[in-house]
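A.B. asks: I would like the atomic coordinates for the input below:
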Amino acid sequence: MHRPMDEPADGAIPSATRPRPGEPAGPWAGPSGPPGDIPDPARVDPAVLGALLARHGWRRRGGAAGRYSRWTPPGPPAPHGGVTSLLVPDTTAFPDSEDLLGEALTALARSAVPSARDVLVSLAVPSDAIRWWREVPEPAAGTAGAAGWAQAERLHTAARQILLAGALAVRERTGYHGARHRRRAGAALDDILVGPEPGGRELTAYLPVEAGRAVVVRLHHALHAAREAVDYQRATGGFDAFDTAVGAGVSRELTEALVALVRGSEGAGIALEWAPAAGTPGGCPPRPEPVEFSPGDLPALRRAGARYLRNEPAVTVRITGTVVRMRRSAPCGPGIVRLRVLAGAEVPHVRLELDEEAYRIAGQAHLVGLPVRVEGRLESRGGFRRLTRTTQVVPVQVDEAERDRLMKSLQENVDHFEEACTGE
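C.D. replies: Got it, this is the predicted structure:
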């Protein structure tokens, strides 16, 4: 048997943990016995576990070279000489490697160290990590390291906006997205896991590699491009770099998210870390440099966002949609119609003004359970929610099942059409 050189004389496997007396069980601990909701030791790569421990500040304290290493958690040593440590094999080549991994994972699950849970999450679901932080004043005396409730809320809101901007950039690289792609981009964030740091000044999100790596890669390029564009604007006064940065994923949505992150702080930053189990994606450095922004960057970010909004052109589209609302000020004449988009544009709804004949066609199509097809210009003003210069409003034939569904929708929304008929 290949054993560490310092194992006890009775031949027992060295314990993977050295808890101090009375140490509380961690959040993964069950009511009795070892927790069951931990990764399978047989599927854990010791190199990945070691990389994750190092990422979260655990310190390697020696061990038998080539056989195992001992890790202690971040922070000052425990009082009375008690030290919680993990014994992690360097490889799975030895017969007791799986046993040592099992003990290490169980120790992590029972540990009160905040980063222990993050390590287990990253092992269970290989994930890239994004960490945000804001430098904010202390809220009151005696609360060192803590942030006020409003500051913590700002951090959470800004972090979500940044993630959404990255997901939108995966769908399309443009200066202003508006309502386009927002539904699918939001759905891409459903599997994200969040690990808040104590104090409310930091926040870490874990994006599963399979579903979220594209978002993290796009954010990596976009954030660095935004940093370079801000530096260029502050040095020269020009916004040319922001035009080029659109190709990297920078948009009005991202600049607004960065403004939200920095506003009210003394500075803020974002750091990305790749999942050790998945390796480094192509075109990215193994250890990306953090990107930081300061209050002095806010004017450039705001002006760039306004410029993106102003310069984004309207889009010619052919939309198929179902009428969900009709309204006009008189029994006759033009009216306003709202469509739920089925095809032709990556927006959930559009609003359009129709002349009397087109308005009548739209109403009749809905009454018989048919969607309509219409051509026009999807205007960037208002977030790509308005269709102008509309032409060729025609009903579209659908199969019986879809027609029945549309008729049921009509019955549920009949009040809107009573308003249209009465001119209210």
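A.B. asks: what about residue 105, helix or strand, and which?
C.D. replies: Take DSSP states H and E as the rule and residue 105 turns out to sit in helix 97-110.
A.B. asks: for the stretch 251-400 of the chain, which spans come out with low pLDDT?
C.D. replies: Applying pLDDT under 70 to the stretch 251-400 of the chain flags the ranges 400.
A.B. asks: how far away is the residue lying closest to residue 246 once chain neighbours are set aside from residue 304?
C.D. replies: Distance criterion C-beta to C-beta, 6 or more residues apart in numbering; nearest residue to residue 246, sequence neighbours excluded, is residue 175 at 5.2 Å. C-betas here are computed from N, CA, C, even on glycine. Per C-beta to C-beta, to the nearest Å, residue 175 is found 9 Å from residue 304.
A.B. asks: do the same with residue 208
C.D. replies: Taking C-beta to C-beta, one finds residue 208 at 31 Å from residue 304.
A.B. asks: more crowded one of the two?
C.D. replies: More neighbours surround residue 304 than the other of residue 208 and residue 304, with 28 against 16 (other C-beta atoms under 10 Å).
A.B. asks: For that one, give me phi and psi.
C.D. replies: The phi/psi pair for residue 304 (degrees, to the nearest 10) reads phi -60, psi -40.
A.B. asks: Over to residue 154?
C.D. replies: Note on residue 154: its backbone torsions stand at phi -60, psi -40 [degrees, to the nearest 10].
A.B. asks: residues in contact with it?
C.D. replies: Listed by C-beta atoms under 8 Å, 6 or more residues apart in numbering, the contact set of residue 154 reads 134, 260, 261, 263, 264.
A.B. asks: What about those residues, which are in helices?
C.D. replies: Secondary structure defined by DSSP state H assigns 260, 261 of the contacts of residue 154 to helices.
A.B. asks: Surely residue 180 and residue 347 touch.
C.D. replies: Yes. Between residue 180 and residue 347 there is a contact at 5.5 Å, judged by C-beta atoms under 8 Å.
A.B. asks: Identify the contacts common to residue 175 and residue 304.
C.D. replies: Shared contacts of residue 175 and residue 304, defined by C-beta under 8 Å, 6+ apart, comprise residue 252.
A.B. asks: if I read this right, residue 133 contacts residue 159, doesn't it?
C.D. replies: No. With contact defined as C-beta under 8 Å, residue 133 does not count as touching residue 159 (10.2 Å).
A.B. asks: Comparing the two, which residue is more hemmed in?
C.D. replies: Neighbour count, other C-beta under 10 Å: between residue 133 and residue 159, residue 159 has more, with 23 against 20.
A.B. asks: so how far is residue 171 from the more buried one?
C.D. replies: For residue 159, the distance to residue 171 (C-beta to C-beta) stands at 19 Å.
A.B. asks: next SSE after the biggest strand by length in the chain?
C.D. replies: If you go by DSSP state E, the chain has its longest strand at strand 315-327. Scanning forward in sequence from strand 315-327 by DSSP H and E, the next helix or strand is strand 335-343.
A.B. asks: Identify the residues contacting that following strand?
C.D. replies: The contact list for strand 335-343, computed with C-beta under 8 Å, 6+ apart, reads 319-328, 347-354, 356, 359, 362, 371-372, 374, 387, 420.
A.B. asks: Next: stretch 43-61.
C.D. replies: Residues outside stretch 43-61 that contact it (C-beta under 8 Å, 6+ apart) are 69-75, 85-86, 88-92, 97, 101, 104-105, 115, 118-119, 122-123, 129, 273, 276-277.
A.B. asks: if we go to 7 Å?
C.D. replies: In this structure, residues lying in contact with stretch 43-61 by C-beta atoms under 7 Å, 6 or more residues apart in numbering are 69-74, 85, 88-92, 101, 105, 115, 118-119, 122-123, 273, 276-277.
A.B. asks: For that stretch, what is the distance to the chain centroid?
C.D. replies: Chain-centre distance of stretch 43-61: 24 Å, with C-alpha atoms, centre = their mean, to the nearest Å.
A.B. asks: picking up where we left off before, quick check on the contacts of strand 335-343: which are buried?
C.D. replies: The neighbour-count test (16 or more other C-beta atoms under 10 Å) marks 319-323, 325-326, 328, 347, 350, 352, 354, 359, 362, 371-372, 374, 387, 420 as buried among these.
A.B. asks: Residue 122 and residue 205 touch, don't they?
C.D. replies: No. Contact criterion C-beta atoms under 7 Å: residue 122 and residue 205 do not qualify, at 11.8 Å.
A.B. asks: The two - which one has more neighbours?
C.D. replies: More neighbours surround residue 122 than the other of residue 122 and residue 205, with 26 against 22 (other C-beta under 10 Å).
A.B. asks: Figure out the helix or strand that the more buried one lives in.
C.D. replies: Using DSSP H and E, residue 122 falls in helix 114-124.
A.B. asks: now do residue 301
C.D. replies: Per DSSP H and E: residue 301 is located in helix 298-311.
A.B. asks: Which secondary structure elements does that helix sit against?
C.D. replies: If contacts are counted by 3 or more C-beta pairs under 7 Å, 6 or more residues apart in numbering; DSSP states H and E, helix 298-311 sits against helix 209-236, helix 252-262.
A.B. asks: gap between the longest one and the chain center?
C.D. replies: Think helix 209-236. Helix 209-236 sits 14 Å away from the centroid of its parent chain (C-alpha atoms, centre = their mean).
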